[in-house]
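Student: Model the following, please.
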Amino acid sequence: MHYHHAAPKSLLVLCAVTMMLSGCAGARPTATAPPAPATPPAAQAAPAAAGEVVARVNGKEIHRNELERSKKILMAGQPGIPPYLLKELEKQALDQLVGAELMYQAGLGLQIKDLDRMADAKLVQIKSGFKDQQVYEKELANIGMTEQMLREYSRRDLVIANLVNTKLAADLQVTDLEIEKFYADNPERFEQKEQVRASHILIGCDSKGTAEEKKKARDKAERLLKEVKEGADFAKLARENSTCPSATNGGDLGYFPRGKMVPPFEEAAFALKSGEVSDVVETGFGFHLVKQTDRIKAEKVSLATAREKIVAYLKSQKTGEVVASFIGRAKQDAKIELLLK
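Tutor: Residues are numbered from 1 along each chain as shown. Sure thing, here's the model as predicted:
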């Protein structure tokens with residue numbers, strides 16, 4: 001199945017992963033909606049300069065800064081949203097915050113042992129995903145949060161996750177018939193395209209550089225190729241010489257299918273056999289040495305292989321449905337004031 005699990009690159013992504021489920025009851029102002037993630041956030045604890053109140057949920061205020069953050073999260077995955085949809089997106093973001101707050105308030109009625117310890121552990125886990133403290137703090141500033149706010153976000157998220165996992169979705173099951181039907185009805189999802197795994201050494205050179213600059217870069221690439229042919233460690237040379245960020249991983253770019261890389265690089269990578277290194281390849285980025293390290297042949301993924309991912313996907317869909325239903329009922333019983341101008 002074409003599911004991609006990448007490590008979050010920013011706190012904005014971390015927030016987005018937990019945000020979307022609370023909006024299951026309403027449609028996003030876009031043509032394509034992603035699969036529903038596991039749990040939503042609750043509305044943030046407001047700092048001193050939180051801005052105007054845009055809603056109240058059973059007396060709990062939701063402030064302008066929370067709404068702006070939510071809008072930013074929604075827009076992060078939807079670049080180029082036309083202006084006429086921005087107002088609708090703002091309403092959708094507020095609706096998700098209201099839904100999240102309703103879930104948080106309901107979740108407070110369930111006991112969670114060691115909640116504060118769990119929130120601290122989650123914060124440590126989040127911080128460990130960043131290169132250093134400076135990058136982490138920059139990301140916090142990016143989404144207008146302090147570390148204290150992020151910890152509160154994590155704590156409230158745990159409350160909501162507990163509500164979903166122990167009450168709302170605790171008894172959800174996926175039957176064999178549902179698994180088989182999904183597999184049969186979605187053949188395109190189980191077509192494994194041919195992929196290669198490759199590493200490279202890039203000697204960067206601007207495509208608009210002078211002939212002398214290009215010659216210097218190519219000559220260096222040729223010297224490194226000679227070292228590789230003489231038995232030098234490719235990964236070590238990449239770490240020491242490559243101007244690509246992948247240098248920190250020994251030049252490893254992971255797996256990719258056709259159509260993901262610029263044509264000269266792709267042609268070289270797919271033409272190689274596992275373990276082979278290309279001649280110098282020129283692209284708009286500079287001069288590359290490409291090493292293929294593995295190949296996955298095109299094939300149809302079997303039901304047995306795909307089963308676990310199908311179960312997870314179908315459970316996420318069912319979870320989205322029960323959460324949407326819960327929020328719909330909660331809205332009927334709650335006192336909600338929408339003050340958005």
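Student: Helices of this structure, residue ranges please.
Tutor: Using DSSP state H, the helices of the chain run over 11-19, 64-76, 86-107, 115-128, 133-142, 147-163, 176-185, 211-229, 234-241, 263-271, 303-333.
Student: domain parsing for this structure?
Tutor: Domain assignment of the chain by automatic domain parsing yields the ranges 11-182+310-338, 194-297.
Student: Output these in a markdown table; the columns should cover distance to E188.
Tutor: No exception for glycine: its C-beta is placed from N, CA and C like everyone else's. What follows is the domains of the chain, written out as a markdown table (distance: least, Cβ to Cβ, whole Å):
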| stretch | distance to E188 |
| --- | --- |
| domain 11-182+310-338 | 12 |
| domain 194-297 | 14 |
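Student: Can I get those in CSV including mean pLDDT and mean neighbour count?
Tutor: Output for the domains of the chain, formatted as CSV (pLDDT from 0 to 100; neighbours: other Cβ atoms under 10 Å):
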stretch, mean pLDDT, mean neighbour count
domain 11-182+310-338, 81, 17
domain 194-297, 95, 17
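Student: Could you measure from V323 over to V164?
Tutor: Separation of V323 from V164 (Cβ to Cβ, to the nearest Å): 7 Å.
Student: Would you mind measuring from M149 to I336?
Tutor: Distance from M149 to I336, by Cβ to Cβ: 23 Å.
Student: D185 too?
Tutor: Separation of D185 from I336 (Cβ to Cβ): 38 Å.
Student: got the contact list for L86?
Tutor: Shown in contact with L86 (Cβ atoms under 8 Å, 6 or more residues apart in numbering): no residues.
Student: just to revisit the earlier point, which one of the domains of the chain lies closest to L303?
Tutor: Ranking those by their distance to L303 (criterion: Cβ to Cβ) puts domain 11-182+310-338 first, at 7.1 Å.
Student: chain center to the closest one: distance?
Tutor: What separates the centre of domain 11-182+310-338 from the centre of its chain is 14 Å, taken as Cα atoms, centre = their mean, to the nearest Å.
Student: Let me know the outermost residue of the chain.
Tutor: E212 (41.4 Å; Cα atoms, centre = their mean).
Student: Quick check, L94 in contact with L338.
Tutor: Yes: using Cβ atoms under 8 Å, L94 makes contact with L338 at a distance of 7.1 Å.
Student: Any chance you could list residues touching both of the two?
Tutor: Joint contacts of L94 and L338 (Cβ under 8 Å, 6+ apart) are 54-55.
Student: Look up how far I126 lies from E147.
Tutor: Distance, E147 to I126, using Cβ to Cβ: 10 Å.
Student: before we move on, what about K216?
Tutor: Using Cβ to Cβ, we find K216 at a distance of 43 Å from I126.
Student: Next: I143.
Tutor: Taking Cβ to Cβ, one finds I143 at 12 Å from I126.
Student: what's the answer for Q92, then?
Tutor: Using Cβ to Cβ, Q92 is found at 26 Å from I126.
Student: Kindly report the same for D176.
Tutor: Applying Cβ to Cβ, the value for D176 to I126 is 37 Å.
Student: likewise G275?
Tutor: Noted for G275: a distance of 38 Å to I126, by Cβ to Cβ.
Student: what does K291 give?
Tutor: In terms of Cβ to Cβ, K291 sits 34 Å off from I126.
Student: Correct me if wrong: I336 contacts A55.
Tutor: Yes: with contact defined as Cβ under 8 Å, I336 counts as touching A55 (6.9 Å).
Student: Now for these two: what residues contact both?
Tutor: Common neighbours of I336 and A55 (Cβ under 8 Å, 6+ apart) are V98.
Student: Please verify my assumption that V301 contacts K193.
Tutor: No: the criterion here is Cβ under 8 Å, and V301 misses it with K193 at 10.8 Å.
Student: roughly how far apart are L202 and M145?
Tutor: Distance, L202 to M145, using Cβ to Cβ: 35 Å.
Student: Endpoints of stretch 102-111, how far apart?
Tutor: 17 Å (Cα to Cα, to the nearest Å).
Student: no, scratch that, I was asking about stretch 330-337
Tutor: End-to-end for stretch 330-337, by Cα to Cα: 14 Å.
Student: quick one: K167 and G320, what's the gap?
Tutor: Distance from K167 to G320, by Cβ to Cβ: 15 Å.
Student: no, scratch that, I was asking about L74
Tutor: Distance from L74 to G320, by Cβ to Cβ: 16 Å.
Student: Next: N162.
Tutor: Taking Cβ to Cβ, one finds N162 at 17 Å from G320.
Student: now P187
Tutor: To G320, P187 is 24 Å away according to Cβ to Cβ.
Student: just E178 next, same as before
Tutor: 15 Å.
Student: Next: A312.
Tutor: To G320, A312 is 13 Å away according to Cβ to Cβ.
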